[in-house]
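Undergrad: Requesting a structural model of the entry that follows:
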Amino acid sequence: MMPDTSPEAVTKLFTRADGSYLFARWGRPIAPVAFGVEDSTVSILKGAIEAVCQLAGHEMAETDAELGSNFMVFFLREWQELVDTPNLDRLIPELGPLVERLKAADANQYRLFRFDPEGGIKACFVFVRMDAVMSDIPAETICLGQVVQSILLWSDEAFLGASPLALTGGDVAILKPDVAAVIRAAYDPVMPVAASDPSHAIRLAARIGLAS
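TA: From the prediction side, this is the model:
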């Protein structure tokens, strides 16, 4: 099946459940840190970030001048662990109500973004609850999937029922070609770091066409 990167398909990727169009990409280098996992998984996560940044033509950094780390990934067993993490509520003032919503939804992942004055992504908090489903997924697949879903502000419905990854032989996960094409085009220097007009999707689709 040929990848669908038509303007209509691209528009859907950034059209939220309420019908609004909202796009953003990172406006600064990504400085990651991970909590709740062994060093081997941290290496896998950083490798996934490096791969996606290379695809996008974006940069990584050891530290962020404003935040220290601006891409924080938390692996946990229960959502309550977030509430019990010292000082996390200072970074995320809405942490208490958020955790209650995640518990009620029996969610196993969530991503929270912060934005700079230009609308670009300046920070992302990724929470992964290692329930029975997540525990059966290889660490490489989890890390790549979370990085892909954090490299852009996708619609809250973009990947419902359809992962941005595809499995190859041996259960190795790779990025789907259409998703990779969108990421690459979204980081083209001629494209804006943020957009709220659906005409942006037409420009984005056109950049994909020029690159193919």
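
Undergrad: contacts, neighbours, all on C-alpha from now
TA: OK.

Undergrad: Now stretch 60-69 - C-alpha only, PDB.
TA: Extracted in PDB, the C-alpha atoms of stretch 60-69 (Å, rounded to 0.1, in the frame of the first residue of the first chain):
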ATOM      1  CA  MET A  60      19.800  16.900  20.500                       C
ATOM      2  CA  ALA A  61      21.700  18.500  23.400                       C
ATOM      3  CA  GLU A  62      23.000  17.400  26.800                       C
ATOM      4  CA  THR A  63      21.200  20.200  28.600                       C
ATOM      5  CA  ASP A  64      18.600  22.900  27.900                       C
ATOM      6  CA  ALA A  65      19.600  26.400  29.100                       C
ATOM      7  CA  GLU A  66      16.200  27.100  30.600                       C
ATOM      8  CA  LEU A  67      15.000  23.700  31.900                       C
ATOM      9  CA  GLY A  68      18.000  21.500  32.200                       C
ATOM     10  CA  SER A  69      16.200  18.600  30.600                       C
END
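
Undergrad: got the buried residues for it?
TA: Applying a neighbour-count criterion of 16 or more other C-alpha atoms under 10 Å, one finds 60, 64, 69 buried in stretch 60-69.

Undergrad: for stretch 23-38, same thing?
TA: So stretch 23-38, judged by 16+ other C-alpha under 10 Å, has buried residues 23, 24, 25, 26, 27, 28, 29, 30, 31, 32, 33, 34.

Undergrad: Just give me the closest of those residues to residue 51.
TA: residue 30 (12.4 Å; C-alpha to C-alpha).
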